[in-house]
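Q: got a predicted structure here, sequence first:
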Amino acid sequence: MSVPEVRRQNNKLSEHSKATTEFAPGVSYTTVVFVNAYFVDAPDGGGSWVLVDTGLPKSAMLVRRAVEQRYGSGARPDAIILTHGHFDHAGNALDLAREWDVPIYAHRLEMPYLTGKSDYPPQDPTVGGALAFLSRFFPHSGYDFGDRVQELPADESVPGLPGWRAFHTPGHTAGHVSLFRESDRVLLAGDALATVNQESALTMLTQQRELRPPP
């Protein structure tokens, strides 16, 4: 890759990390290093919204910056919804929930990993691929969010988001969920699907989009 192309890609990455991108009506995201946090507006048009996933630990300021850009200073969601509790999706959940004084919701099968009762099983680095090799260095400890975390409703409704459903999509974790809006078929898949090739360092950095199997 030429030097000008590297610079273009670096500029794109820098801009992307600061911006929110709306990809469906009332649904936008910001990329926190290599994972997305989503901002989903309530359909009533009253200005309320929900945060879906929170990014890597110690990166809450990137989420706050995106919130301020999209909603203005002092804005806070009605709730935080987690697709699952891995460190790269739940890493800022407790800090942000305390700051905003809002509940965290996750599937009931994620609760042991979010209430201090269990750690996630370690990843298997022998299955092949660069990501599998690197997974041995990823933290697999659970969190203890205490009474800040609550179970998602059993009827698949999503608190604060009428018209959305939280489908149980286990595999990546036991309690993984994906959020779906039937009206225009918008899917927030969490780690049930990937939209970059996570075996490629370049596409991870540049966030070049393509449909990939789950990590």
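A: Noted; the coordinates are in hand. Numbers count the residues shown, from 1 in each chain.
Q: next, the buried residues of stretch 98-110.
A: If you call a residue buried by 16 or more other Cβ atoms under 10 Å, then stretch 98-110 has these buried ones: 100, 102-107, 109-110. Placement of C-beta: from N, CA and C, glycine included.
Q: tell me the contacts of the residue most central in space within the chain?
A: In the chain, the residue lying closest to the centroid (Cα atoms, centre = their mean) is Asp53, at 3.1 Å. Asp53 is in contact with 35-38, 81-83, 89-90, 190, counting by Cβ atoms under 8 Å, 6 or more residues apart in numbering.
Q: which of the buried residues of stretch 98-110 sits closest to Leu94?
A: Closest to Leu94 out of the buried residues of stretch 98-110 is Ile104 (7.5 Å), distances taken as Cβ to Cβ.
Q: I'd assumed Ala79 was in contact with that closest one.
A: Yes. Counting by Cβ atoms under 8 Å, Ile104 touches Ala79, with 7.4 Å between them.
Q: if we can go back for a sec, same list, the buried residues of stretch 98-110, but as a markdown table with distance to Ala24 and pLDDT please.
A: Output for the buried residues of stretch 98-110, formatted as a markdown table (distance: Cβ to Cβ, whole Å; pLDDT from 0 to 100):
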| residue | distance to Ala24 | pLDDT |
| --- | --- | --- |
| Trp100 | 24 | 98 |
| Val102 | 23 | 99 |
| Pro103 | 25 | 99 |
| Ile104 | 24 | 99 |
| Tyr105 | 21 | 99 |
| Ala106 | 23 | 99 |
| His107 | 23 | 99 |
| Leu109 | 28 | 98 |
| Glu110 | 25 | 98 |
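Q: mind checking which of those are in strands?
A: Mapping the buried residues of stretch 98-110 onto strands (DSSP state E) picks out 104-106.
Q: ok, these vs Gly163, which is closest?
A: Looking across those and measuring by Cβ to Cβ, the closest to Gly163 is Tyr105, at 16.3 Å.
Q: for that closest one, name its beta-bridge partners.
A: Beta-bridge partners of Tyr105, counted by DSSP bridges, are Ile81, Gln150.
Q: could you point out which element follows the lowest-mean-pLDDT helix or strand in the chain?
A: Lowest by mean pLDDT, DSSP states H and E among the helices and strands of the chain is helix 3-18, with a mean of 45. Beyond helix 3-18 in the direction of the C-terminus, DSSP states H and E gives the next helix or strand as strand 21-24.
Q: for that following strand, name the packing helices and strands.
A: Applying 3 or more Cβ pairs under 8 Å, 6 or more residues apart in numbering; DSSP states H and E, one finds that strand 21-24 contacts strand 27-32.
Q: give me the nearest residue to Glu68, chain neighbours excluded.
A: Ala75 (7.0 Å; Cβ to Cβ, 6 or more residues apart in numbering).
Q: low-confidence stretches in this structure?
A: 1-18, 124-137, 194-215 (pLDDT under 70).
Q: now the helices for it?
A: Counting by DSSP state H, the chain has helices at residues 3-18, 60-71, 87-90, 93-100, 111-114, 130-134, 201-206.
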